[in-house]
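J.: no sequence on this one, just coordinates:
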C-alpha cells in the first residue's frame, strides 16, 4: 500500500477479480450506512482530486489496481495554496486503468460522510455495476 497526502491510497491487488471483490465489499458497507453512491466510468485515463479546504471539505481516494491485469495509477505531487490564512492541499491521482473510490467528508460542526463516488477507468472495468 502506498499513501500520499492529503489522502490518496494506492492498493495493488493481484487480479481484476480481487479488485472487483474488494470494491463491492466497500460499496456494500457504504450502502449499509445510507450514504449516496454514484459511479463514473471512463474508457480513457482520468484525473481524480483529493483535497482539504477551508469550507470543511476533506476527501480521501482509495485506488485499487490489478498488478497482473495491466492496471496503472500515478500520484502527482501535492499542490498547496494559501486561501484566507488556510493552507488548502490538493492531491491528484492519474488513473489510467483501475478503480478509485472517493470519500467526500464535511467536517463542519460534526464530521459526516457526504458522498462516495466510484470511478472506473479502462476497458477492463467497462462492465462494472454498483
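T.: Yep, it's here. All figures in this text were calculated on a predicted structure; none of them were measured in a lab.
J.: Output the lowest mean pLDDT helix or strand found in the protein.
T.: Lowest by mean pLDDT, DSSP states H and E among the helices and strands of the chain is strand 2-4, with a mean of 48.
J.: Report the next helix or strand after it in sequence order.
T.: Using DSSP states H and E, the helix or strand that directly follows strand 2-4 along the chain is strand 8-13.
J.: Output the contacting helices and strands for that following strand.
T.: Contacts defined by 3 or more Cβ pairs under 8 Å, 6 or more residues apart in numbering; DSSP states H and E place strand 8-13 against strand 2-4, helix 16-33, strand 57-66, strand 72-83, strand 86-106. Any C-beta I mention is one placed from the backbone N, CA and C, and that applies to glycine too.
J.: winner for burial among the ones you listed?
T.: Counting by mean count of other Cβ atoms under 10 Å, strand 57-66 has the highest mean neighbour count of the helices and strands packed on strand 8-13, with a mean of 21.
J.: That one packs against which elements?
T.: Contacts defined by 3+ Cβ pairs under 8 Å, 6+ apart place strand 57-66 against strand 8-13, helix 16-33, strand 46-52, strand 72-83, strand 86-106.
J.: which outside residues touch it?
T.: Residues outside strand 57-66 that contact it (Cβ atoms under 8 Å, 6 or more residues apart in numbering) are 6-16, 18-19, 22-23, 26, 48-52, 71-73, 91, 93, 95, 97-107, 124.
J.: go again using 7 Å as the cut-off
T.: 7-16, 18-19, 22-23, 48-52, 71-73, 93, 95, 98-107 (Cβ atoms under 7 Å, 6 or more residues apart in numbering).
J.: shaky segments in the protein?
T.: 1-5 (pLDDT under 70).
J.: Now with 80, please.
T.: For the chain, applying pLDDT under 80 flags the ranges 1-6, 108-109.
J.: Just the endpoints, please. Distance across stretch 120-130?
T.: For stretch 120-130, the first-to-last residue distance is 11 Å (Cα to Cα, to the nearest Å).
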